[in-house]
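S.K.: following is a predicted model, sequence given first.
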Amino acid sequence: MKKIIVVLILFVLSIVADRLGLPLEQLFNSAVVTEDNRLEDAYANQQSDIQVRGQGTVVKLLSDDLKGSRHQKFILKLDGSKLTILIAHNIDLAPRIPNLATGDKVEFFGEYEWNKKGGVIHWTHDDPAGRHPDGWLRHQGNFYQ
């Protein structure tokens, strides 16, 4: 009976990891930055190329960037932090978040790049070449990657 329970737990965790676009072991990987204060540290120390996960509230919708790869852009205020960050979501590789509005909650998993305005989260999509961790956005229970 215990073996069946363990197998069922692992099965459920594998489904969750798949839904999040993560390898199963990454659910338990402490190297993935998840806390707002870690993003604040990255901002304060001008660090980039950090895989991060977080959540915030949309405070501003921006026009799409249509030069080169197209990106849906918006600014999030991180929950539990004063920091705001730009989300640059590649809509050539992933679906756009439809009906996104100011005040909406958005979760993200992507790569943080420092800039003096708070930073940018990008790579919020699958990597077609398979060389970068797949990122994602979650809005109103739906995943976009």
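M.R.: Perfect, thanks for sending it. All of these numbers come straight from a predicted model, not from anything done at the bench.
S.K.: how many neighbours does residue 83 have?
M.R.: Using other CB atoms under 10 Å, residue 83 is surrounded by 19 other residues. Glycine gets a C-beta too; all of them are placed from N, C-alpha and C.
S.K.: for the remainder of this discussion, apply numbering that starts at 791.
M.R.: Let's use 791 as the start, then, which means that last one is residue 873.
S.K.: so it makes contact with residue 828?
M.R.: No - contact criterion CB atoms under 8 Å: residue 873 and residue 828 do not qualify, at 10.7 Å.
S.K.: show me how far the host helix or strand of residue 831 is from its chain's centre.
M.R.: Using DSSP states H and E, residue 831 sits in helix 826-834. Relative to its chain's centre, helix 826-834 lies at 15 Å (CA atoms, centre = their mean, to the nearest Å).
S.K.: equivalent analysis for stretch 857-873, please.
M.R.: Centroid separation for stretch 857-873 versus its chain: 10 Å, with CA atoms, centre = their mean.
S.K.: good, wrapping up.
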